[in-house]
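K.L.:
need a 3D model of the sequence below.
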Amino acid sequence: MKSGTGIAVGLLFIGAILGGVWLTKAFFVEGLDATEMVTASAKSSNDKNLSYNPPSLDDVPEGEMGESILFGYELVNDTNNKAEQYVGNNLTCTSCHAGAGLDENSSSLVGMTAVYPQYIERSGGIVTIEERINGCMVRSMNGKKFEANSDELEAIVSYFKYISKDIPVGADMPWRMNNSMENVPVPSVANGEEIYQKSCITCHAADGAGTGPNTGPALWGEDSFNDGAGLARLSKLAGYVKNNMPAGGEGTLTNQDASDLAAFILSQDRPVWANHDKDWPKGNRPKDIMDKENRQKVKDGTIDWKAMLTTKQ
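P.N.:
Here you go, the predicted model:
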């Protein structure tokens, strides 16, 4: 499977830019008046051909800001080591967001600061970029949150701001929100296991434990993401697999094969998210979350995939 990619933290699962998000964002931008909000909206609505051109790390400014940006890069690319006390598994942000989020085709993080704060249905409210990062830490990294104003959190935000340079608020970014599958085929876990053993074990190991967080991340087990992460949803992981796997042959899997693989992976044991009951507080909880209950149903042979693959409850 693809080097430098693999799972979810979480990431994969950030949420679509909702209509009117530019306006919500504008209220959080210091000094932005009504005229400027209209101008920003007009610019973003007309900016349909935004090029993918994040600045090079070779051009990071000198001084404390540059040091913070480079520290942020290190945290994103080597999270389990650089932020070991916060990470509860053997993953990095790069495990899902290849090249520390700079790979255009693999859940790129370029432009993140142009879309946050934004409304997240899973949280039931407006979420800041800092809150979004911490959401990944406790879900995809199965760890704990960075403290407010900590060097680590500030550095990651600095890095995200740097790689998002010149992307206006609310811009149409064609590289975002592509790793989800609509109309997921009813999966065959047995076929998914067969495909996995033939095509995935070189990078991710036969037992799913992986060969390295940036080369073959753990796909299940204690070193993988917990079942509260975005990629713990079948539609999210199937879309990610479809678009990013296998290494060198991205996009060649059929929707059926991607669904089968995702179902097999998510049927295996993984850390349990303790706060499922607090997610989607306003309703519309998706049915395709592969939590402990649904994993047990797969083992018992009682899972109703068709009912599960309806989008909402």
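K.L.:
what's the burial count for N80?
P.N.:
By the measure other CB atoms under 10 Å, the count of residues near N80 is 20. Yep, even glycine has a C-beta here, placed from its N, CA and C like the rest.
K.L.:
I meant N255, not that one.
P.N.:
Under the neighbour criterion other CB under 10 Å, N255 is assigned a count of 16.
K.L.:
that one reaches E182, doesn't it?
P.N.:
No. Under the criterion of CB atoms under 8 Å, N255 makes no contact with E182, lying 9.6 Å away.
K.L.:
what about the helices in this structure?
P.N.:
Listed in chain order, the helices found in the chain under DSSP state H are 21-26, 34-46, 64-77, 79-82, 98-101, 129-138, 151-163, 189-199, 201-204, 234-244, 255-266, 292-300, 305-308.
K.L.:
now render these as JSON lines, adding distance to N214 and mean pLDDT.
P.N.:
Output for those, formatted as JSON lines (distance: least, CB to CB, whole Å; pLDDT from 0 to 100):
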{"stretch": "helix 21-26", "distance to N214": "31", "mean pLDDT": "30"}
{"stretch": "helix 34-46", "distance to N214": "33", "mean pLDDT": "37"}
{"stretch": "helix 64-77", "distance to N214": "7", "mean pLDDT": "98"}
{"stretch": "helix 79-82", "distance to N214": "10", "mean pLDDT": "98"}
{"stretch": "helix 98-101", "distance to N214": "8", "mean pLDDT": "96"}
{"stretch": "helix 129-138", "distance to N214": "16", "mean pLDDT": "98"}
{"stretch": "helix 151-163", "distance to N214": "16", "mean pLDDT": "98"}
{"stretch": "helix 189-199", "distance to N214": "19", "mean pLDDT": "97"}
{"stretch": "helix 201-204", "distance to N214": "11", "mean pLDDT": "97"}
{"stretch": "helix 234-244", "distance to N214": "14", "mean pLDDT": "96"}
{"stretch": "helix 255-266", "distance to N214": "18", "mean pLDDT": "98"}
{"stretch": "helix 292-300", "distance to N214": "27", "mean pLDDT": "98"}
{"stretch": "helix 305-308", "distance to N214": "32", "mean pLDDT": "95"}
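K.L.:
I'd like those laid out as JSON lines, including distance to D227.
P.N.:
Conversion of these to JSON lines gives the following (distance: least, CB to CB, whole Å):
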{"stretch": "helix 21-26", "distance to D227": "28"}
{"stretch": "helix 34-46", "distance to D227": "35"}
{"stretch": "helix 64-77", "distance to D227": "23"}
{"stretch": "helix 79-82", "distance to D227": "19"}
{"stretch": "helix 98-101", "distance to D227": "23"}
{"stretch": "helix 129-138", "distance to D227": "12"}
{"stretch": "helix 151-163", "distance to D227": "24"}
{"stretch": "helix 189-199", "distance to D227": "16"}
{"stretch": "helix 201-204", "distance to D227": "18"}
{"stretch": "helix 234-244", "distance to D227": "11"}
{"stretch": "helix 255-266", "distance to D227": "8"}
{"stretch": "helix 292-300", "distance to D227": "7"}
{"stretch": "helix 305-308", "distance to D227": "14"}
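K.L.:
so for V272, which of the ones you listed sits nearest?
P.N.:
With CB to CB as the measure, helix 292-300 is the member of these nearest V272 (5.4 Å).
K.L.:
angle of that closest one against helix 255-266?
P.N.:
Using axes from the mean of the first three to the mean of the last three CA atoms, to 10 degrees, one finds that helix 292-300 and helix 255-266 are set 110 degrees apart in direction.
K.L.:
give me the buried stretch members for helix 292-300, please.
P.N.:
Buried residues in helix 292-300, counting neighbours by 16 or more other CB atoms under 10 Å, are found at N294, R295, K297, V298.
K.L.:
closest to N81 among those residues?
P.N.:
Within the buried residues of helix 292-300, distances to N81 taken as CB to CB reach their minimum at R295, with 29.7 Å.
K.L.:
how near is the closest residue in space to that closest one that isn't next to it in sequence to S224?
P.N.:
Spatial nearest neighbour of R295, excluding adjacent residues (CB to CB, 6 or more residues apart in numbering): S267 at 5.7 Å. Counting by CB to CB, to the nearest Å, the separation of S267 from S224 is 13 Å.
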